[in-house]
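> Quick one, structure for this:
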Amino acid sequence: MIDRRPNLRQDDDERQPPARRSGHAGAGAEVPFSVSVPDDAPPGDYAAGIVAAMRVESAEGVVTERRLGARILLRVSGDLAPALSVTDVSITYDTPVNPLAADAADVTFTVTNEGNTRLAAEATVTVTGPFGIAPLRVGSGALSELLPGSSLEHTVRVADVRALVLLTADVTVDAAVVARPGDDPDALPSVAAQDGAATTVAVPWSALAVLVALLALVGWRVAARRRRRRQHRAEIDAAVAAALAEREEPALAETAAGRD
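Residues are numbered from 1 along each chain as shown. Okay, the predicted model is just below:
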């Protein structure tokens with residue numbers, strides 16, 4: 001595999017150890033460096049870094065080293081092809097004990113820069129119940145700048161979400177190419193927005209338990225009412241049978257006397 005990326009080196013000699021400069025407090029020093037770009041380097045944005053280390057020795061002989069880094073951003077001219085993707089979307093929700101209360105839902109997703117330019121991205125997260133009811137929308141604010149090929153996992157918390165049996169999280173990420181000083185933002189290529197979604201179960205168990213208890217109570221009362229009706233009907237039937245029996249007894253007595 002041939003590395004065609006730009007190379008950073010000191011102007012003194014790239015084979016020598018890092019350049020060393022000494023000076024008194026408040027003094028400055030210039031350390032020249034250059035960036036070598038191969039002729040066949042792919043177009044796009046690249047990042048590099050310079051680390052400056054300062055060593056201070058105290059009177060007791062204790063040496064303290066402090067380091068400071070500076071980032072170098074380089075864009076190789078050519079066709080810019082910005083692109084991104086949204087993957088691994090998930091939503092977590094802890095159902096509150098109080099059926100009338102709401103809680104927060106955490107929506108996590110991964111944004112990947114699949115193009116060749118630096119991207120400034122921002123996400124919008126929407127949480128809804130079944131059939132899109134009770135929508136709640138939250139913006140993530142500006143995400144960390146994404147270099148080509150890099151990924152970022154981010155979590156957005158959506159407050160005041162109610163347990164609606166089924167919750168769906170929709171994530172939309174908009175991005176733009178990072179402009180360099182002097183660039184015309186309108187001349188930079190646009191970036192297509194990307195979406196992702198995830199679903200989780202959010203059953204209000206306490207409310208469901210109350211509902212089951214109410215249904216059980218209603219069922220018990222209906223069954224008890226039907227049982228009382230059957231008993232009342234049986235008592236009426238028994239009373240009617242007794243009355244008919246009382247009417248038939250004299251007639252039977254007269255019939256038996258006539259036969260004698």
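> need the strands for the stretch 51-200 of the chain, in chain order.
63-76, 84-93, 103-113, 119-128, 136-142, 151-161, 165-177, 194-202 (DSSP state E, counting those that start in this stretch).
> Which among these is found nearest to residue 217?
strand 165-177 (22.7 Å; C-beta to C-beta). (Glycine included, C-beta is placed from N, CA and C.)
> Show me what that closest one is packed up against.
Judged by 3 or more C-beta pairs under 8 Å, 6 or more residues apart in numbering; DSSP states H and E, the packing partners of strand 165-177 are strand 84-93, strand 103-113, strand 119-128, strand 194-202.
> Now tabulate these in CSV and tack on mean neighbour count, distance to residue 245 and mean pLDDT.
Supplementary listing: those in CSV, determined by neighbours: other C-beta atoms under 10 Å; distance: least, C-beta to C-beta, whole Å; pLDDT from 0 to 100:
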stretch, mean neighbour count, distance to residue 245, mean pLDDT
strand 84-93, 17, 70, 96
strand 103-113, 20, 70, 95
strand 119-128, 21, 71, 95
strand 194-202, 16, 65, 93
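> Could you export those strands to CSV, including columns for distance to residue 72?
Below are those laid out as CSV (distance: least, C-beta to C-beta, whole Å):
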stretch, distance to residue 72
strand 84-93, 23
strand 103-113, 18
strand 119-128, 18
strand 194-202, 29
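> In JSON lines, list the strands of the stretch 51-200 of the chain along with distance to residue 224.
Output for the strands of the stretch 51-200 of the chain, formatted as JSON lines (distance: least, C-beta to C-beta, whole Å):
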{"stretch": "strand 63-76", "distance to residue 224": "78"}
{"stretch": "strand 84-93", "distance to residue 224": "40"}
{"stretch": "strand 103-113", "distance to residue 224": "39"}
{"stretch": "strand 119-128", "distance to residue 224": "42"}
{"stretch": "strand 136-142", "distance to residue 224": "44"}
{"stretch": "strand 151-161", "distance to residue 224": "40"}
{"stretch": "strand 165-177", "distance to residue 224": "32"}
{"stretch": "strand 194-202", "distance to residue 224": "36"}
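> Tell me which of those strands approaches residue 225 most closely.
Going by C-beta to C-beta, the one of the strands of the stretch 51-200 of the chain nearest residue 225 is strand 165-177, 31.9 Å.
> Please report the distance of the most centrally placed residue in the chain from residue 158.
What sits nearest the mean C-alpha location of the chain, by C-alpha atoms, centre = their mean, is residue 107, with 1.6 Å. Per C-beta to C-beta, to the nearest Å, residue 107 is found 6 Å from residue 158.
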